[in-house]
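In: Sequence below, structure please.
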Amino acid sequence: MIKIGVIGYGYWGPNLVRTFAEAQQGTIVAVSDLDPKKLATVNKRYPAVKTTNDFQDLLRNPEIDAIAIATPVSTHFEFAMAALKAGKHVWLEKPMTETSLQARKLVDEAAKRNLTLFVDHTFVYTGAVRKMGDVIKSGDLGRVYYYDSIRVNLGLFQRDVNVISDLAVHDFSILDYLLGEHPVAISASGINHFPGTPENLAYITLFYDSGTIAHVNVSWLAPVKVRQILLGGSKKMITYDDLEPSEKVKIYDKGISFTEDPKQIQEMRVGYRTGDMWAPKLDGTEALRLAGDHFIDCIINKKTPQTDGSLGLRVVELIEAATSSMRGRGETVYIQKVQAPQEKIA
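Out: Numbers count the residues shown, from 1 in each chain. Here you go, the predicted structure:
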């Protein structure tokens, strides 16, 4: 049984406590937060769980095997490094750090101590994203031409991170999972409409060696909430609407083909294919529960998590590159080649 402590009981922390409290091979031992009212809530819901306003109490507790950190991004590096040095496995919320230098230090520290470093890119564990990954991996989609995402709403304006770090981070992790390759260049434009605040709207384009192009539109300033992804391939096309209560993913047998036949070129060089549409059955398991079980399984069996520190590092590098391009008014930023993403989970 893996015993877990959680630092931070604000927005996402309660979900982590619930997930680990219900895990079959894990349990919650203690929760740390600076707010006594939040700790009182923990005591009421989970009487057996210890609470403290000093996160060091969790690090000193020999019962605790792993620390889950759900605090502002600016604190991730400090807490995660302290936990690793205390010999604890670490679960970090996304994005894993403010800078790629910090992320790289955590990856190295975890490797040196043979500890599990997990980054909570929850979308990778959703049935919808995993189904899209299966379709791509099977070859049914064909060559991936493009990925087009819109992720907008009248959102909560963050004080410490911009909209790329808050919303595009989901697409960066999904792209890493689906494509299995890292972009070679990135271009972004965006703006902060309110002086003194981070950018609240951005358009990001990612270029890949394979010829795939990805576009991501993120905003906290839209009148309606939209969470849609289009995937275009040479054989099929996919739509994913995360707000649909059912049939979130639809696969279309649509596309075009070109001919070099001189006779047909005289008539029309482009042929259009319009076939069936179907909505595949998706795994309905809660993504966070799947991620939690995967984290615990990786600790017990010494496996590398699907969303490990290396993936988290690649995502932070993209956030940095996109933010740099955005502040250069769309200047193309070339990305250093990195190790290819690891094999996908079963």
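In: From the chain's centroid, how far away is the one helix or strand Thr239 maps to?
Out: Element membership of Thr239, judged by DSSP states H and E, is strand 237-241. Put simply, strand 237-241 sits 18 Å off its chain's centre (Cα atoms, centre = their mean, to the nearest Å).
In: Summarise which helices and strands that strand is packed against.
Out: Here strand 237-241 touches helix 127-138, strand 226-233, strand 249-258, going by 3 or more Cβ pairs under 8 Å, 6 or more residues apart in numbering; DSSP states H and E. Using the backbone N, CA and C atoms, a C-beta is placed for each residue, glycine as well.
In: The second one: partners in the sheet, and parallel or antiparallel?
Out: Using DSSP bridges, strand 226-233 pairs in its sheet with strand 144-152 (antiparallel), strand 237-241 (antiparallel).
In: Any idea how far apart the tips of stretch 202-212 sit?
Out: 20 Å (Cα to Cα, to the nearest Å).
In: Surely Glu244 is within a strand?
Out: No. The assignment for Glu244, made by DSSP: H, G, I helix; E, B strand; the rest coil, is coil rather than a strand.
In: Tell me which residues touch it, please.
Out: Counting by Cβ atoms under 8 Å, 6 or more residues apart in numbering, Glu244 touches no other residue.
In: just Leu59 next, same as before
Out: Ile67, Ala82, Ala83, Ala86, Lys88.
In: ok, now Ser32?
Out: By Cβ under 8 Å, 6+ apart, the residues touching Ser32 are Gly5, Val6, Ile7, Gly8, Thr51, Thr52, Asn53, Asp54, Phe55, Asp57, Leu58.
In: From what I see, the second one and Thr27 are in contact.
Out: No. With the criterion set as Cβ atoms under 8 Å, Val6 and Thr27 do not qualify as a contacting pair; they are 11.6 Å apart.
In: Scan the protein for its longest helix.
Out: Criterion DSSP state H: the longest helix present in the chain is helix 309-327.
In: Which positions within that one qualify as buried?
Out: 309-323, 325-326 (16 or more other Cβ atoms under 10 Å).
In: Which secondary structure elements does it sit against?
Out: helix 100-113, strand 117-120, helix 169-179, strand 185-191, strand 201-207, strand 333-334.
In: give me that answer again for 10 Å
Out: With contacts taken as 3 or more Cβ pairs under 10 Å, 6 or more residues apart in numbering; DSSP states H and E, helix 309-327 sits against helix 73-85, strand 89-93, helix 100-113, strand 117-120, helix 169-179, strand 185-191, strand 201-207, strand 333-334.
In: Tell me which of the ones you listed sits nearest to Lys131.
Out: Nearest to Lys131 among the helices and strands packed on helix 309-327 is helix 169-179; the distance by Cβ to Cβ comes to 10.7 Å.
In: Can you dump the C-alpha atoms of that closest one in PDB for me?
Out: The C-alpha trace of helix 169-179 is given here as PDB (Å, rounded to 0.1, in the frame of the first residue of the first chain):
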ATOM      1  CA  VAL A 169      -0.500  23.200 -21.900                       C
ATOM      2  CA  HIS A 170      -3.300  20.600 -22.400                       C
ATOM      3  CA  ASP A 171      -2.900  20.600 -26.100                       C
ATOM      4  CA  PHE A 172       0.900  20.300 -25.800                       C
ATOM      5  CA  SER A 173       0.600  17.200 -23.800                       C
ATOM      6  CA  ILE A 174      -2.100  15.700 -26.000                       C
ATOM      7  CA  LEU A 175       0.000  16.400 -29.100                       C
ATOM      8  CA  ASP A 176       3.000  14.700 -27.500                       C
ATOM      9  CA  TYR A 177       0.900  11.700 -26.800                       C
ATOM     10  CA  LEU A 178      -0.800  11.500 -30.200                       C
ATOM     11  CA  LEU A 179       2.000  12.300 -32.500                       C
END
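In: Contact partners for the residue nearest the centre of the chain?
Out: Geometric centre of the chain, nearest residue: His121, 3.1 Å, by Cα atoms, centre = their mean. Counting by Cβ atoms under 10 Å, 6 or more residues apart in numbering, His121 touches 93-96, 129, 169-170, 172-174, 176-177, 287, 291, 305-307, 311-312, 315.
In: This completes my enquiry, with thanks.
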